[in-house]
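Enquirer: I'd like to go over a predicted model; first the sequence, then the structure.
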Amino acid sequence: MDTLALEAKSGKSDGAAAPAPSKPRPKPPKKARRIVYFEVEILHIKTREKLLLLDKVEPTATILDIKSLFHKSNPQWYPARQALCLDPKGKPLRDEDILQELPVGTTATFYFKDLGSQMTWGTVFLIECIGPLVIYLLFYFRLPLIYTPKYEFTASKHLVVHIACMCHSFHYGKRILETLFVHRFSHGTMPMRNIFKNGSYYWCSAAWMAYYINHPLYTPPYYGEKQVKAALGIFLFCQLGSLSIHMALRNLKLSGTKVKKIPYPTKNPFTWIFALVSCPNYTYELGSWIGFTLMTQCVPVLFFTAVGFIQMTIWAKGKHRSYLKEFKEYPTLRSPILPFIL
Ligand SMILES: CCCCCCCCCCCCCCC/C=C/C(=O)SCCNC(=O)CCNC(=O)[C@H](O)C(C)(C)COP(=O)(O)OP(=O)(O)OC[C@H]1O[C@@H](n2cnc3c(N)ncnc32)[C@H](O)[C@@H]1OP(=O)(O)O
Ligand SMILES: NC(=O)C1=CN([C@@H]2O[C@H](COP(=O)(O)OP(=O)(O)OC[C@H]3O[C@@H](n4cnc5c(N)ncnc54)[C@H](OP(=O)(O)O)[C@@H]3O)[C@@H](O)[C@H]2O)C=CC1
């Protein structure tokens with residue numbers, strides 16, 4: 001800035017003709033705020049070996065940014081399989097956590113855990129559902145090599161067998177569509193090993209129950225048409241309930257966000273069970289398979305229902321605990337999966 005402009009501004013002059021009004025004075029640059037950079041070190045959670053030291057990390061860097069930098073120096077550990085914790089026994093930090101908002105000094109120490117090979121939730125869901133859908137139909141159409149040759153491509157004479165096939169296909173078709181269009185997963189991935197655990201559970205169970213239900217010597221349920229109709233009613237009621245809960249859970253989360261909220265009953269009567277249960281989608285799933293068990297009166301279906309009930313109860317209790325921990329105002333009347341019971 002020239003002196004003249006300064007004098008013009010301050011009104012002082014040396015007697016010379018007052019200078020023509022100068023252009024408006026450019027504002028002085030704001031005092032540049034000093035950025036406090038962080039130093040970040042990453043230690044292996046078990047060996048405490050220093051795997052990486054990053055200096056001059058922007059305070060606004062997210063955990064995902066740090067995972068990406070770590071991935072650059074360790075290509076075998078892509079971000080999805082990295083868990084970074086502040087405490088070796090603590091919960092992994094979320095990708096969207098911001099460095100300057102964490103309880104760390106200017107040197108942040110993170111403990112790295114390799115979560116192992118990962119697979120997206122959607123892929124696991126699709127694989128675990130497409131299998132049973134196809135496998136059941138192989139038995140329903142009695143493809144060669146399943147039953148004795150004289151029954152190849154024959155149809156069962158029992159109406160319940162055809163209804164069971166429609167219900168089984170409807171259930172897995174619904175889950176595939178929910179995976180594609182309804183669920184908003186906050187976990188990007190899950191352990192690859194899940195596909196083997198879930199796959200064996202679903203694919204083997206589907207083959208096991210389909211073999212007996214579609215067997216030429218299969219006998220319909222003891223109470224005949226009445227039992228089948230009642231069971232079908234339970235199945236369809238619970239399928240509608242499960243879909244309603246999934247839609248309600250979807251609406252709890254804006255697309256692209258991961259924030260969980262307390263689910264509450266909506267205008268849809270199928271969601272009123274939220275008043276009593278934390279994970280009613282599991283309750284309805286259990287009800288669906290109880291209906292299918294009554295409809296077919298088949299031991300493999302009972303086995304599948306029992307294993308699923310155990311797994312869902314374990315998860316429901318975990319989710320219920322995290323709701324109580326995260327939300328102080330969480331309704332105390334609710335139970336994890338069965339109203340007033342479990
Ligand atoms: C002929 C008949 C045949 C029958 C076959 C035989 C069957 C045998 C029985 C098999 C039973 C199988 C039952 C399966 C039923 C499943 C049915 C479904 O369809 S479920 C729908 C699909 N959903 C899933 O598969 C969800 C799976 N979820 C999970 O695995 C976990 O939620 C999770 C590992 C993704 C995350 O765990 P979570 O508890 O939610 O979070 P935490 O942070 O508390 O983690 C606990 C623990 O896991 C580690 N972890 C977390 N995330 C991951 C990850 N992405 N990859 C690997 N590991 C992860 C975390 O570090 C913690 O470890 P820890 O050592 O305890 O600190
Ligand atoms: N037959 C069987 O043995 C079993 C069947 N299943 C079936 O699979 C379905 C899905 O299982 P699972 O993934 O464990 O079900 P979850 O209830 O964990 O998840 C269903 C969807 O709802 C979202 N969600 C859950 N709670 C909330 C919340 N409070 N706020 C916002 N979003 C939420 C989840 O997102 P997020 O990723 O953030 O959790 C996910 O996208 C079950 O409903 C059931 O029908 C499940 C287990 C066993």
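Expert: Looks like it arrived, so ask away. Ligands and ions are numbered 1, 2, ... in the order given.
Enquirer: show me what contacts residue 49?
Expert: Going by CB atoms under 8 Å, 6 or more residues apart in numbering, residue 49 touches residue 43. Every C-beta, even on glycine, is put in place using the N, C-alpha and C of the backbone.
Enquirer: Check what pLDDT it gets.
Expert: Here, the pLDDT recorded for residue 49 equals 91.
Enquirer: Ok, residue 80 next?
Expert: 93.
Enquirer: So it versus residue 191, what's the distance?
Expert: 10 Å (CB to CB, to the nearest Å).
Enquirer: before we move on, what about residue 215?
Expert: When residue 215 is compared with residue 191 (using CB to CB), they lie 36 Å apart.
Enquirer: what does residue 203 give?
Expert: 18 Å.
Enquirer: Next up, the contacts around the residue most central in space within the chain.
Expert: The centre of the chain sits closest to residue 185, judged by CA atoms, centre = their mean, with a distance of 3.5 Å. With contacts defined as CB under 8 Å, 6+ apart, residue 185 is in contact with 121, 122.
Enquirer: Mind doing that once more with 10 Å?
Expert: 120, 121, 122, 125, 179, 253, 258 (CB atoms under 10 Å, 6 or more residues apart in numbering).
Enquirer: Restricted to helices, list those.
Expert: Among these, DSSP state H puts 121, 122, 125, 179 in helices.
Enquirer: doesn't residue 180 make contact with the first one?
Expert: No. In this structure, residue 121 is not within contact of residue 180 by CB atoms under 10 Å, at 12.0 Å.
Enquirer: List phi and psi for residue 307.
Expert: phi -60, psi -40 (degrees, to the nearest 10).
Enquirer: What is the neighbour count of the residue nearest to it when sequence neighbours are not counted?
Expert: Spatially, and ignoring its direct neighbours in sequence, residue 307 is nearest to residue 201 (6.7 Å; CB to CB, 6 or more residues apart in numbering). Using other CB atoms under 10 Å, residue 201 has 16 other residues around it.
Enquirer: Name the SS class of residue 201, please.
Expert: helix (DSSP: H, G, I helix; E, B strand; the rest coil).
Enquirer: Hmm, it is touching residue 304, no?
Expert: Yes. Here residue 201 reaches residue 304: they are 8.0 Å apart, a contact under CB under 10 Å.
Enquirer: For these two, list the residues in contact with both.
Expert: residue 132.
Enquirer: Distance check, residue 233 against ligand 2.
Expert: As judged by CB to the nearest ligand atom, to the nearest Å, residue 233 and ligand 2 stand 19 Å apart.
Enquirer: I meant residue 122, not that one.
Expert: For residue 122, the distance to ligand 2 - CB to the nearest ligand atom - is 10 Å.
Enquirer: Also residue 218?
Expert: Residue 218 is 23 Å from ligand 2, by CB to the nearest ligand atom.
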